[in-house]
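Novice: take a look and give me a structure for this.
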Amino acid sequence: MFKTKNFMKIALVSIMAASFLAGCGGDKDSKGSSKDVFSQIKEDKKIVFGVKHDTRLFGLKNPSTGDVEGFDIDLSKALTEEMFGDDVKPEYIEVTSKTRVGLLNNGKVDAVVATMTINEERKKEVDFTDVYFDAGQSLLVKKGSKVKSIEDLKKGTKVLAVKGSTSAINIREKAPETTVLEFENYAEAFTALKSGKGDALTTDDAILYGMAEEDPSFELVGGTFTEEPYGIAVKKGNKELVDELNKALKSLKDSGKYDEIKDKWIKN
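Specialist: Modelled structure (predicted):
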């Protein structure tokens, strides 16, 4: 009996200790699990943005310096300064169209600034800020191509797109006879287009302008056939972070800083 009582006491103490340690570790979990993301950002004195590394003009890694450069990068830096002054520093993690929602929801990034179109389906998974850039889907082709618009995408043509993007969904709806080939990122898709694996590459015009700038033997054709409003995505339920980002975005637009950043990168 004595041994049984001692065993029960030891077991009870162990359970209580485990519960205490679990409680102490609550704030150590991924951001948003036991503390809202905005509070955690202020506590950590850093905000982690998910950005593209393969999208010229918006987020492209410079092979010479290793830095990621573009409109999304400069805008996120300006937003951080507007919200926190010098108290919080921005950090960056690479995302793709396929990975950005998962990295956001598992707490690896605090906000995604990565040419992400706001739509009703995505609103079920994440919360968005106000629109920070208006784009529209278009087509990129080799100069002299027979493809002049979306109407030319018939049976036997091939269109290249990126996995996880709205572009792949849209092109299947608007050109159902064409074959759609999907790639992991824009760099792979553009390489495939240059090597003749497709007749056109489709995504937002702002992204395609960057590709045409990189290789002037390609051009945009047919204008835009969708509206693609970009928003900054955050994990669902983090209203304070969304509100603060919206206030900062409005302030940058009112002051002219937003236009200064946009004109630096987007010249078309």
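Novice: which residues are in contact with stretch 202-216?
Specialist: 55-58, 60, 115, 117, 133, 135-140, 159-162, 165, 167, 170-171, 186, 189-190, 194, 201, 218-220, 224, 228, 266, 268 (C-beta atoms under 8 Å, 6 or more residues apart in numbering). All C-beta spots, glycine's among them, are computed from the backbone N, C-alpha and C.
Novice: so which of those residues are in strands?
Specialist: Judged by DSSP state E, the contacts of stretch 202-216 include 55, 60, 133, 135, 137-140, 159-162, 201, 218-220, 228 as members of strands.
Novice: what pLDDT does the residue lying closest to Pro229 once chain neighbours are set aside get?
Specialist: Sequence neighbours aside, Val131 is the residue nearest to Pro229 in space, at 4.2 Å (criterion: C-beta to C-beta, 6 or more residues apart in numbering). Listed pLDDT for Val131 reads 98.
Novice: then Thr166?
Specialist: If you check Thr166, the pLDDT there is 88.
Novice: mind starting the numbering at 21 from now?
Specialist: Will do, 21 is the new start, and the previous item becomes Thr186.
Novice: spatially nearest residue to it (excluding sequence neighbours)?
Specialist: Using C-beta to C-beta, 6+ apart, the closest residue to Thr186 is Thr137 (4.9 Å).
Novice: tally of neighbours for that neighbour?
Specialist: Burial of Thr137 is recorded as 22 neighbouring residues (other C-beta atoms under 10 Å).
Novice: do Ile227 as well
Specialist: By other C-beta under 10 Å, 28 other residues sit near Ile227.
Novice: can I assume it sits in a strand?
Specialist: No. Under DSSP: H, G, I helix; E, B strand; the rest coil, Ile227 sits outside any strand and is assigned helix.
Novice: and it, how far from Val151?
Specialist: 16 Å (C-beta to C-beta, to the nearest Å).
Novice: number of nearby residues for Gly176?
Specialist: Gly176 has 9 nearby residues by other C-beta under 10 Å.
Novice: any idea of the pLDDT on it?
Specialist: In this prediction Gly176 is given a pLDDT of 96.
Novice: now for it: which residues touch it?
Specialist: Taking C-beta under 8 Å, 6+ apart, one finds nothing in contact with Gly176.
Novice: ok, now the one 4 residues further on?
Specialist: The contact partners of Leu180, taken as C-beta under 8 Å, 6+ apart, are Val200, Leu201, Glu202, Phe203, Ala209, Ala212, Leu213, Lys217, Gly218, Ala220, Leu221, Thr222.
Novice: and the last one, how many neighbours?
Specialist: To tie it back to what came earlier, the one meant is Thr222. Thr222: 32 neighbours (other C-beta under 10 Å).
Novice: can you check the third one too?
Specialist: By the other C-beta under 10 Å criterion, the neighbourhood of Glu202 contains 17 residues.
Novice: that one against Lys183, yeah?
Specialist: Yes. Counting by C-beta atoms under 8 Å, Glu202 does reach Lys183; the two are 4.7 Å apart.
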